[in-house]
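Asks: Pasting the sequence and the predicted model now:
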Amino acid sequence: MWFRAYGELAEDGNWQGGRMGGRSRVVDGLLPPDTVIGDGRYRLLEPVGADERDGAQLWRARDGKLDRDVALTVLTGDSSGPDTVRHTLQRAASVSRLVHPGVAPVLNVLSVGDGVARGEGIVGIIAAEWTRGTGMTDVVAREPVTPVHACLLLEPLADAMDRAHRRGVVLGVGHPLRIRVTPAGTLRLAFPGPPAGATLTDDVRGLGTILYFLLTGSWPVPGGPLVSPRELQPEVPVDLSEIAIRSIADVSAGGIRTSDSILRVLRLVSENAERATTLAALPDDNENTPDVEKDGAVWITKPPVNDAARRKKVAIAAAVLVLISIGVIVWVGATVIGMFL
């Protein structure tokens, strides 16, 4: 084992400083900050957490070659067997071909002997674009979000999953720490890297779990009891509450099979809310509303006004107009008579 003090970047874009060395730097399954991995390319900055499904560590790191922050999914040597690791990395490569705002672009997939030096204490690295914003768990830290907000948050991720599944690509959505909220206010799979054993159905279940979490503030325990989101928040629409429960349930017991089913409900709730907001914002224009008289007559224009003062003004105006007309006739008659005298 050997270490070098943290320094600066070399001309090739690799870090000359930071903790470097053998397997012993992985303590209790965790890599310490400032560790340089990926054959000197990535410096670990801040741990985000770990996905216990495949023993992956999630990090914000600095890419020395690209000179920017990246999201690293780091597979340690004790996480799984070589076949499992190979399958996970192959799946990550498949995700890299998906271009969608709901999934962080995969920038690099490295394995031992191909970007990962032997003796680093890790067996694979998946590097993705760093997603600015905040962790998904921070959104519901104080209280669950409103149903409409939940739909707006989740819709891009659901759409990304729907497109991926049409290609047979598993995303690995199923762990809260892998999801972040973008500055635009939408959820994004920030740490792509589907576990080797994950299936399309697991993705759908993960999406439903996220929806349940947003609506209730609780991450459901696999196989544990579920309380309907509508029971906890009466304002949750029936369809939305039902889709959250059914997507988590076992498929054989009537569970949801496809992400498209969830996506349709999310869009329906959002569209209904938008329509209600638009209608509420419309002015109360009585001029466009037919008037109904006491006698049952319906006027498509304004009905006549029964106003005595107004009738008096109209009568005076008519009398003046008659006097003016008589005066004009008298003047014209006098003029004609004068011409013949």
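Replies: It's in.

Asks: hang on, residue 85 packs against residue 111?
Replies: Yes. With contacts counted by CB atoms under 8 Å, residue 85 reaches residue 111, the gap being 7.4 Å. Yep, even glycine has a C-beta here, placed from its N, CA and C like the rest.

Asks: Could you name every residue contacting both of those two?
Replies: 123, 124 (CB atoms under 8 Å, 6 or more residues apart in numbering).

Asks: neighbour-wise, which of those two wins?
Replies: Between residue 85 and residue 111, counting by other CB atoms under 10 Å, residue 85 is the more crowded of the two (22 against 18).

Asks: how about the helices in the protein?
Replies: Using DSSP state H, the helices of the chain run over residues 82-95, 136-139, 147-166, 200-216, 229-232, 238-248, 259-281, 308-340.

Asks: in the sheet, who's paired with residue 70?
Replies: residue 61, residue 129 (DSSP bridges).

Asks: Could you double-check that it lies in contact with residue 42?
Replies: Yes. The pair formed by residue 70 and residue 42 meets the contact definition of CB under 8 Å, at 7.0 Å.

Asks: Compare those two (neighbour count), which wins?
Replies: residue 42 (27 against 23).

Asks: how about the nearest residue to the more buried one once chain neighbours are set aside, what does it touch?
Replies: Nearest residue to residue 42, sequence neighbours excluded (CB to CB, 6 or more residues apart in numbering): residue 61, at 4.6 Å. By CB under 8 Å, 6+ apart, the contact list for residue 61 reads 42, 43, 44, 45, 69, 70, 71, 72, 127.

Asks: swap in residue 107?
Replies: For residue 107, the contact set (CB under 8 Å, 6+ apart) comprises 63, 66, 70, 96, 127, 128, 129.

Asks: Tell me how far it lies from residue 68.
Replies: In this view, residue 107 and residue 68 are 10 Å apart by CB to CB, to the nearest Å.

Asks: I figured residue 96 was touching residue 106, is that so?
Replies: Yes. The pair residue 96 and residue 106 passes the contact test of CB under 8 Å, sitting 3.6 Å apart.

Asks: Can you check which residues contact both of these two?
Replies: By CB under 8 Å, 6+ apart, residue 96 and residue 106 have these common neighbours: residue 192.

Asks: These two: who's more crowded?
Replies: Neighbour tally, residue 96 and residue 106, criterion other CB under 10 Å: the higher count belongs to residue 106, 21 against 17.

Asks: The more buried one pairs with what?
Replies: With DSSP bridges as the criterion, residue 106 is bridged to residue 128.
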